[in-house]
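Novice: Everything below, folded, please.
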Amino acid sequence: MEPGALAPYEQSLSRGTPLQLRHDDGRTVTLDVPRWLAPADAVDLEVILRADSPVLDVGCGPGRIVAALTEHGRLALGIDIAEHAVALTRARGMNAVRRDVFGSLPGEGRWATILLLDGNIGIGGDVDALLRRSLALLAPGGRVLVEIDIDDAVDESAVVRFAIGDEPFGPPFRWCFRS
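Specialist: Coordinates of the predicted model:
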């Protein structure tokens, strides 16, 4: 991701305000940043209870899932490329590192569970590459838990920009929307 592309995301995390991903053709997808800043909800807990330790939360954001995993007795590490997101996770007393899932990571080949929640299946704009990378991070017999939206109209890789309201911010980047 280009320098400056994450600034709107980090600003939204700081303010607790929603953020959008905006396609070049004007379509938008709203990111539920206020939800990400809140504690894990009942749906999150259903996933958490299926996770075996140790768990790698890819794109951990402000750490609500890492916190809930820990509260439920799972060993967990969050990774995110956004410095502010990692700082928020650490401020909750949770383990997180600023890393790209496609780079070198601690515990490669030893994770029992990889989580791709909150739309993080879109990271990098190539679902197949992300899933291959996730499989390489797993211990034998491990599993990847993925959250997807059920929307038959959404299945694309696109170049997007963050937007607040109707105003796009920062440079474009690739993201994948899958259902």
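
Novice: quick one, strands of the chain?
Specialist: If DSSP state E is used as the criterion, the strands of the chain fall at 19-23, 28-31, 55-58, 76-80, 96-98, 111-116, 138-146, 156-164, 167-177.

Novice: To residue 5, which of these lies closest?
Specialist: strand 167-177 (4.7 Å; C-beta to C-beta). Glycine gets a C-beta too; all of them are placed from N, C-alpha and C.

Novice: What residues of the longest helix anywhere in the chain count as buried?
Specialist: Ranked by residue count and defined by DSSP state H, the top helix of the chain is helix 127-137. For helix 127-137, burial by neighbour count (16 or more other C-beta atoms under 10 Å) applies to 127, 130, 133-134, 137.

Novice: Show me which of the residues you listed is closest to residue 79.
Specialist: Ranked by distance to residue 79 (C-beta to C-beta), the buried residues of helix 127-137 are led by residue 137 at 10.1 Å.

Novice: tell me the contacts of the closest one?
Specialist: Contact analysis of residue 137 by C-beta atoms under 8 Å, 6 or more residues apart in numbering lists 56, 105, 107-109, 111, 114.

Novice: Check what pLDDT the most centrally placed residue in the chain gets.
Specialist: Per C-alpha atoms, centre = their mean, the C-alpha nearest to the average position across the chain is that of residue 59, at 2.9 Å. Here the pLDDT value assigned to residue 59 is 95.

Novice: hang on, isn't it packed against residue 114?
Specialist: No: if you go by C-beta atoms under 8 Å, residue 59 and residue 114 don't touch, sitting 10.8 Å apart.

Novice: burial measure for the residue nearest to residue 65 when sequence neighbours are not counted, as a count.
Specialist: The shortest distance from residue 65 to any non-neighbouring residue, by C-beta to C-beta, 6 or more residues apart in numbering, is to residue 57 (5.1 Å). When neighbours are counted by other C-beta atoms under 10 Å, residue 57 registers 32.
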